[in-house]
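Participant: fold the following, please.
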Amino acid sequence: MSDSGPSPAAETRISRTPRETAGATPRETPRGPGGHGPAPTTADTARPSGRARAGLLITLILGSLTALPALSMDMYLPALPDIGTAYGSPAAQVQLTLTACLLGLAVGQIVAGPMSDRFGRRRPLLIGMAGYVLASVACAVAPGVHSLTAFRLAQGLAGAAAIVIARAVVRDMFDGLAMARFFSTLMLISGVAPILAPVLGGQVLRFTDWRGVFLVLAGFGLVVTLVTARSLPETLEPERRHGGGVPDALRTMRGLFADRAFTGYLLVGGFAFAALFAYVSASSFVVQEIYGASPQTFSLLFMVNSIGLVGMGQVNGKLLVGRVSLDRVIAVGLAVILLSAVALLLMTSGVFGRVGLLPVSVGLFVLMSAMALVLPNANSQGLMRASHAAGSASALLGSSQFLVGSLAPPLVGIAGEDTAVPMAATQLGAVLLAIASFALFCRPERGRVRR
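Facilitator: Sure, this is the predicted structure:
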């Protein structure tokens, strides 16, 4: 596609009002990756941050693709204790099934992103979704915890194409503030996944065992694959594709890492996601095993926290983006996460005596809500610096989050199932690293136009 918008054949077209066009400001973009390939042109740097208008169906498709990782992980969270019982495995070993899925999502994005830059968005996406459906069925019939872990790795590898290519499609269609706003819109849609997934998983467990959860995931993946094949247009025109194969992709990624600010936003998103995933991987055991709640109660608490994430995402997209610099919003989000993590560590370590489920739930709610101020804005800031390689940049941003996040499950389960201190300590360590990355790599970029 050209730098002015998607292909005329696409259903999604960029529409800019005169006010938006007149108010646009140029931005500094990174050099050509590693000196290889074209550097961003004047048209890239001067392209206004207009608001693209995607049709409702396209928006729903992109939201569903973005939600796939959350569904893959959150829907079976209420079943983690049951899986451990069924296989006779300890909590730490069962949590490795989460780690395997995250590793698959991380590695898969590194492959799928550059492939989408070379072959276009549709073909790698559809191949990945077909593989996801097959891997989900395999998880449902896994005979043991080790085979389940292997199938979860395959599920992540295949499903990675969904999230990384969805972000690349957004980068094809939008720029500047419009991209940040659309990411917040996607958070509203994809945010339904963590709200409904554990609730749906809890309800599935009322009628069947944990294997039924993976069959539901396979069915959802099949529906999304069919709708995508029918309705999602190609957004990357042939003349904008990279044909150099793996060596070219590696050079592109090396060039992206040479951009100090891009690396900073990548690290911020990765460590923030690790803090989030410490909650995701530990909350089922904390709520059910330590505080004695039922799977249904856990599902409801998880839903409330997800509502906070989605609600704050809309505050970010509708009220903050365009009025407050994205860097400032990220800084506030990181500060709130830090305070929440400190409070959780004090509560779970017994400093305040025996603390009930309600105060811990409030701390987790605040932490989860603040994630909506960090993750979409860090992704937007990173992608704004990579219009020349949206697929590769999306792959690096996404894979870093899942790769760093995959370290959380072993850490939160290291002390067994009787304490929530490792969860809170992991969250605190992760957010401190995110703050350090932001201060060292992102804040010095003061000559760049802020969005």
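
Participant: hey, let's count contacts and neighbours off CA atoms from now on
Facilitator: Will do.

Participant: now do the helices in the stretch 51-200 of the chain.
Facilitator: Under the criterion DSSP state H, counting those that start in this stretch, helices of the stretch 51-200 of the chain are mapped to 56-74, 80-87, 91-119, 122-140, 145-173, 176-190, 192-207.

Participant: how about the stretch 201-350 of the chain?
Facilitator: Counting by DSSP H, counting those that start in this stretch, the stretch 201-350 of the chain has helices at residues 210-231, 245-258, 260-285, 295-315, 326-348.

Participant: who are the packing partners of the last one?
Facilitator: Pointing back at helix 326-348 there. Counting contacts by 3 or more C-alpha pairs under 8 Å, 6 or more residues apart in numbering; DSSP states H and E, helix 326-348 packs against helix 357-384, helix 421-437.

Participant: which one of those lies nearest to residue 274?
Facilitator: Nearest to residue 274 among the helices and strands packed on helix 326-348 is helix 421-437 (6.2 Å), distances taken as C-alpha to C-alpha.

Participant: how far does the closest one sit from its chain's centre?
Facilitator: Computed by C-alpha atoms, centre = their mean, to the nearest Å, the chain-centroid distance of helix 421-437 equals 18 Å.

Participant: which strands or helices does that helix pack on?
Facilitator: helix 260-285, helix 326-348, helix 408-412.

Participant: now the farthest one out in the protein, which residue is it?
Facilitator: The C-alpha centroid of the chain is most remote from residue 353, which lies 35.7 Å away (C-alpha atoms, centre = their mean).

Participant: ok, back up a step: make JSON lines out of the helices of the stretch 201-350 of the chain and add distance to residue 145 and mean neighbour count.
Facilitator: What follows is the helices of the stretch 201-350 of the chain, written out as JSON lines (distance: least, C-alpha to C-alpha, whole Å; neighbours: other C-alpha atoms under 10 Å):
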{"stretch": "helix 210-231", "distance to residue 145": "12", "mean neighbour count": "18"}
{"stretch": "helix 245-258", "distance to residue 145": "34", "mean neighbour count": "18"}
{"stretch": "helix 260-285", "distance to residue 145": "17", "mean neighbour count": "26"}
{"stretch": "helix 295-315", "distance to residue 145": "21", "mean neighbour count": "22"}
{"stretch": "helix 326-348", "distance to residue 145": "30", "mean neighbour count": "21"}
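
Participant: what's the least confident stretch among the ones you listed?
Facilitator: Note on those: helix 245-258 shows the lowest mean pLDDT, a mean of 77.

Participant: spatially central residue in this structure, please.
Facilitator: Nearest to the chain centroid, counting by C-alpha atoms, centre = their mean: residue 398, 6.3 Å.

Participant: reformat the helices and strands packed on helix 421-437 as a markdown table; add distance to residue 86.
Facilitator: Shown next, in a markdown table, are the helices and strands packed on helix 421-437 (distance: least, C-alpha to C-alpha, whole Å):
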| stretch | distance to residue 86 |
| --- | --- |
| helix 260-285 | 16 |
| helix 326-348 | 29 |
| helix 408-412 | 20 |
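
Participant: which among those is found nearest to residue 192?
Facilitator: Within these, the stretch nearest residue 192 is helix 260-285; the backing value is 15.5 Å (C-alpha to C-alpha).

Participant: what packs against the closest one?
Facilitator: For helix 260-285, the packing partners by 3+ C-alpha pairs under 8 Å, 6+ apart come out as helix 80-87, helix 245-258, helix 357-384, helix 390-405, helix 408-412, helix 421-437.

Participant: how about these, which one is nearest residue 314?
Facilitator: Here helix 357-384 is closest among the helices and strands packed on helix 260-285 (C-alpha to C-alpha), at 8.5 Å.

Participant: mind listing what's buried in that closest one?
Facilitator: Neighbour counts over helix 357-384 (16 or more other C-alpha atoms under 10 Å) mark 360-361, 363-384 as buried.

Participant: same deal with stretch 146-166?
Facilitator: Buried-residue list, stretch 146-166, by 16+ other C-alpha under 10 Å: 148-166.

Participant: pull the CA atoms of it into CSV?
Facilitator: Extracted C-alpha coordinates of stretch 146-166, given in CSV (Å, rounded to 0.1, in the frame of the first residue of the first chain):
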residue,chain,number,x,y,z
HIS,A,146,4.1,-33.1,29.5
SER,A,147,2.2,-33.6,26.2
LEU,A,148,-0.2,-30.8,27.2
THR,A,149,2.8,-28.5,27.7
ALA,A,150,4.1,-29.4,24.3
PHE,A,151,0.7,-28.9,22.6
ARG,A,152,0.3,-25.5,24.4
LEU,A,153,3.7,-24.5,22.9
ALA,A,154,2.3,-25.4,19.5
GLN,A,155,-0.9,-23.5,20.2
GLY,A,156,1.1,-20.4,21.1
LEU,A,157,3.4,-20.7,18.0
ALA,A,158,0.4,-20.9,15.7
GLY,A,159,-1.7,-18.3,17.5
ALA,A,160,1.1,-15.8,17.5
ALA,A,161,0.2,-14.9,13.9
ALA,A,162,-3.1,-13.5,15.0
ILE,A,163,-1.8,-10.8,17.4
VAL,A,164,1.3,-9.8,15.5
ILE,A,165,-0.4,-9.5,12.1
ALA,A,166,-3.4,-7.7,13.6
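
Participant: which residues are in contact with it?
Facilitator: Outside stretch 146-166, the residues within contact range by C-alpha atoms under 8 Å, 6 or more residues apart in numbering are 62, 65-69, 96-98, 100-109, 112-113, 116, 121, 124-125, 128-133, 135-136, 138-139, 142, 391, 394-395, 398.

Participant: if we can go back for a sec, what about the helices of the stretch 201-350 of the chain, which gets the closest to residue 90?
Facilitator: Using C-alpha to C-alpha, the nearest of the helices of the stretch 201-350 of the chain to residue 90 is helix 260-285, at 11.5 Å.

Participant: ok, back up a step: dump the helices and strands packed on helix 326-348 into TSV; add mean pLDDT as well.
Facilitator: Formatted as TSV, the helices and strands packed on helix 326-348 follow (pLDDT from 0 to 100):
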stretch	mean pLDDT
helix 357-384	91
helix 421-437	94
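
Participant: save the ones you listed as TSV, and put in distance to residue 299 too.
Facilitator: Below are the helices and strands packed on helix 326-348 laid out as TSV (distance: least, C-alpha to C-alpha, whole Å):
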stretch	distance to residue 299
helix 357-384	12
helix 421-437	18
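
Participant: out of these, nearest to residue 404?
Facilitator: Here helix 421-437 is closest among the helices and strands packed on helix 326-348 (C-alpha to C-alpha), at 9.3 Å.

Participant: buried set for stretch 74-89?
Facilitator: Buried, per 16+ other C-alpha under 10 Å, within stretch 74-89: 74-84.

Participant: which residues touch that stretch?
Facilitator: With contacts defined as C-alpha under 8 Å, 6+ apart, stretch 74-89 is touched by 90-91, 94-95, 144-145, 194, 197-202, 205, 210, 213-214, 280-281, 284-285, 295-296, 298-299.

Participant: rewinding a little: distance to residue 428 for the helices of the stretch 201-350 of the chain - can I get that in CSV?
Facilitator: Listed next are the helices of the stretch 201-350 of the chain as CSV, based on distance: least, C-alpha to C-alpha, whole Å:
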stretch, distance to residue 428
helix 210-231, 32
helix 245-258, 26
helix 260-285, 7
helix 295-315, 18
helix 326-348, 5
